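Chemist: Mind looking at a prediction? Sequence and model below.
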Amino acid sequence: MVADDAQPVPLKGAITNLNWFDAQRKHYETPDQIARRFKLPDDDAMRAFCHGAASMQDRRTAQFIRRVPCAPDGAWRFLADTARVRQWLFGVEWELRPGGTFRLPDADVGIAAQGSIAELHPGEVLELAAEDGSIVRFEFLDASGSARARRDIPNHAGAITEFRATNRVPDTAGVPARLRETTAEQIAQPGGTGTHCVGVIAAWHRAASLLQKLAFEDANLFWPAEQEIGLNIEALVAAYAKLMPAYYKA
């Protein structure tokens, strides 16, 4: 575990692309071999993981970006509709209004389970302030004119929304002993106190990916099978356990 004042290594955009993975390859390894070494099932899944991996904004803040095949108002339904939101946001129960309370009954250890709604702009922004000092912010941006978004969803001619989920942990954040849904006895916190632990990063990755999958199903579009890696909590924990120590390397 590095010292709290150690500076993060940018890694060419943190861990959002293949550059760091490629740099880790031994000269004799094939893509399938490197994927197995990182506990990912194949090269397509490795690339899908990298494409959706956390972007570290700073030592305490991780952001996930997903593009979904609908307009921002349509994407907002995945927050405003009770049945939809409970399928991806840890079974959330809340009063969806400024100052309303929220509770995440299905959240794993390490994720703040309750607090209040700090900011709400329907169709655009929702920010949750947890009792432990952590912040979760959801943003919905119109990406219909983005060439990148069109490449991500090539068979969709309609509107596209960029969904951003940003999680900032409190400066007192510690490492939980165990995750409910993984066999790992200890879930690492490579950046030390006040940074994300591997399990929290993995859990938010899965939540963001699940919202994307639900949006694709709602639009009757095919969600690529290799992106299922984003729903496998043990595979995500294993992958982030490899990546996060490099990010926080002094």
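Modeler: Looks like it came in fine.

Chemist: burial of residue 152, as a residue count?
Modeler: Neighbourhood size, residue 152 [other C-beta atoms under 10 Å]: 19. For every residue, glycine as well, the C-beta is placed using N, CA and C.

Chemist: mind pulling up the phi and psi values for it?
Modeler: Backbone torsions of residue 152, given as degrees, to the nearest 10, read phi -70, psi -30.

Chemist: close enough to count as contact, it and residue 67?
Modeler: Yes: Residue 152 is within contact range of residue 67, at 4.8 Å (criterion: C-beta atoms under 8 Å).

Chemist: Quickly list what's touching both of these two.
Modeler: With contacts taken as C-beta atoms under 8 Å, 6 or more residues apart in numbering, the residues that reach both residue 152 and residue 67 are residue 160.

Chemist: Mind checking the pLDDT average for stretch 234-241?
Modeler: Mean pLDDT, stretch 234-241: 81.

Chemist: same deal with stretch 215-230?
Modeler: Mean predicted confidence for stretch 215-230 is 90.

Chemist: And the contacts of that stretch?
Modeler: 40-42, 44-45, 47-49, 52, 68-70, 75, 78, 153, 155-156, 158, 205-206, 208-210, 212-213, 235-236.

Chemist: Equivalent analysis for stretch 158-165, please.
Modeler: By C-beta under 8 Å, 6+ apart, stretch 158-165 touches 63-72, 74-75, 136-144, 146, 149-150, 152-153, 204, 207-208, 211-212, 219.

Chemist: rerun at 6 Å
Modeler: By C-beta atoms under 6 Å, 6 or more residues apart in numbering, the residues outside stretch 158-165 that reach it are 64-68, 70-72, 75, 138-141, 143-144, 149, 153, 208.

Chemist: Could I get the buried residue list for stretch 191-205?
Modeler: With burial defined by 16 or more other C-beta atoms under 10 Å, the residues of stretch 191-205 counted as buried are 191-192, 195-205.

Chemist: pLDDT averaged over that stretch - what is it?
Modeler: On average, stretch 191-205 scores 89.

Chemist: Setting aside sequence neighbours, what's the nearest residue to the most centrally placed residue in the chain?
Modeler: Note on the chain: the residue nearest the mean C-alpha position is residue 205, at 2.6 Å, using C-alpha atoms, centre = their mean. Excluding the flanking residues, the one nearest residue 205 by C-beta to C-beta, 6 or more residues apart in numbering is residue 236, at 5.3 Å.

Chemist: helix/strand/coil for the one you found?
Modeler: Three-state assignment for residue 236 (DSSP: H, G, I helix; E, B strand; the rest coil): helix.

Chemist: Report how many residues lie close to it.
Modeler: There are 28 residues near residue 236, going by other C-beta under 10 Å.
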